[in-house]
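Asks: Mind looking at a prediction? Sequence and model below.
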Amino acid sequence: MALSLDLVGRVALVTGGTRGVGRGIAEVLVEAGATVVVCSRSALQPAPGPTHTEPVEALIHRVCDVRDPASVEALIDGIVAEHGRLDVLVNNAGGAPSADAATASPRFHEKIVGLNLLSPLLAAQAANAVMQRQPAGGAIVNVSSISAHRPAPTIAAYGAAKAGLDSLTRSLAMEWGPKVRVNAIDVGLCRTEQTDDHYGGDDRVAAIEQTIPAGRMADPMEVGRVAAFLASDLASYVSGARISCDGGGESPAYLLI
């Protein structure tokens, strides 16, 4: 039997899908044949940087603040009104600036947890309401992080929120099956248009990459292929799973001395 990753006829939403990992995921879903809607808080701008800079005409952009329930509901309702269905939700929007946990304000922590944990729940609730009515149901993919399962100094609230997202994934999979499958991807270090600025230039990035068993950071589209698999019929019996996409993980500290 030939295996194919075919999303032709499916309608997908990728939150935060205009750049970085989300853009890579959106591009792969388009390649697999899906109609793909991406959303961001502001009007679409070309992403700077050496990779994935060309616009993908097949991507449909909508403005949405994923932290706002009314905005999320309007986005989902608009997709269904325009396309008649929603088959795939990829909760990708997230992130956090570095901050000392001892001195960061309560408001700062509240915003980080809201964006990385509560916003995916909002979108998942709205998508599930649609998918439960569809004969074929649907699939939800939560983009999590390796920070969920290892110490995350300077991004403590982010790591805690992603750990919560992994737990949420398992709970929703149990509550919403069999119509809706819910899975998570724990993403490791990934090269995006912001990588050099974030880590301090090419030399530092190269040094970091030497600590990864794969010898390099991921390309966003490699994360996209994992998301596409989880969204497809090839993963029809996969739900409540947490799949690591981290190039083999991180070397133990004693090996780096």
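Replies: Perfect, I can see it now.
Asks: could you list every residue that touches Asp100?
Replies: Residues in contact with Asp100, defined by Cβ atoms under 8 Å, 6 or more residues apart in numbering, are Thr154. Quick note: C-beta positions are derived from backbone N, CA and C, even for glycine.
Asks: What does the pLDDT read for it?
Replies: The model reports Asp100 with a pLDDT of 96.
Asks: So it, which state does it fall into?
Replies: State at Asp100, reduced to three classes by DSSP: H, G, I helix; E, B strand; the rest coil: coil.
Asks: repeat for Ala129
Replies: Recorded secondary structure, Ala129: helix (three-state DSSP).
Asks: and the gap between it and Asp219?
Replies: 34 Å (Cβ to Cβ, to the nearest Å).
Asks: Check what pLDDT the closest residue to Arg216 other than its chain neighbours gets.
Replies: Nearest non-adjacent residue to Arg216, counting by Cβ to Cβ, 6 or more residues apart in numbering: Glu209, 4.9 Å away. Glu209 is assigned a pLDDT of 86 by the prediction.
Asks: can you check Ser236 too?
Replies: For Ser236, pLDDT reads 97.
Asks: Same question for the one 5 residues further on.
Replies: Reported pLDDT at Ala241 in the predicted model: 98.
Asks: thought the residue nearest to Arg216 was touching Gly215?
Replies: Yes: using Cβ atoms under 8 Å, Glu209 is in contact with Gly215, at 6.4 Å.
Asks: quick one: which of these two has more around it?
Replies: The neighbour comparison of Glu209 against Gly215 (other Cβ atoms under 10 Å) goes to Glu209, with 16 against 10.
Asks: Where do the helices of the stretch 101-250 of the chain begin and end?
Replies: 106-113, 119-131, 156-176, 195-199, 202-209, 220-231 (DSSP state H, counting those that start in this stretch).
Asks: With distance to Asp186 added, can I get those in a markdown table?
Replies: Conversion of the helices of the stretch 101-250 of the chain to a markdown table gives the following (distance: least, Cβ to Cβ, whole Å):
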| stretch | distance to Asp186 |
| --- | --- |
| helix 106-113 | 18 |
| helix 119-131 | 14 |
| helix 156-176 | 7 |
| helix 195-199 | 19 |
| helix 202-209 | 18 |
| helix 220-231 | 10 |
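Asks: Quick check: which of those is nearest to Val63?
Replies: Val63 lies closest, by Cβ to Cβ, to one member of the helices of the stretch 101-250 of the chain: helix 119-131, at 14.6 Å.
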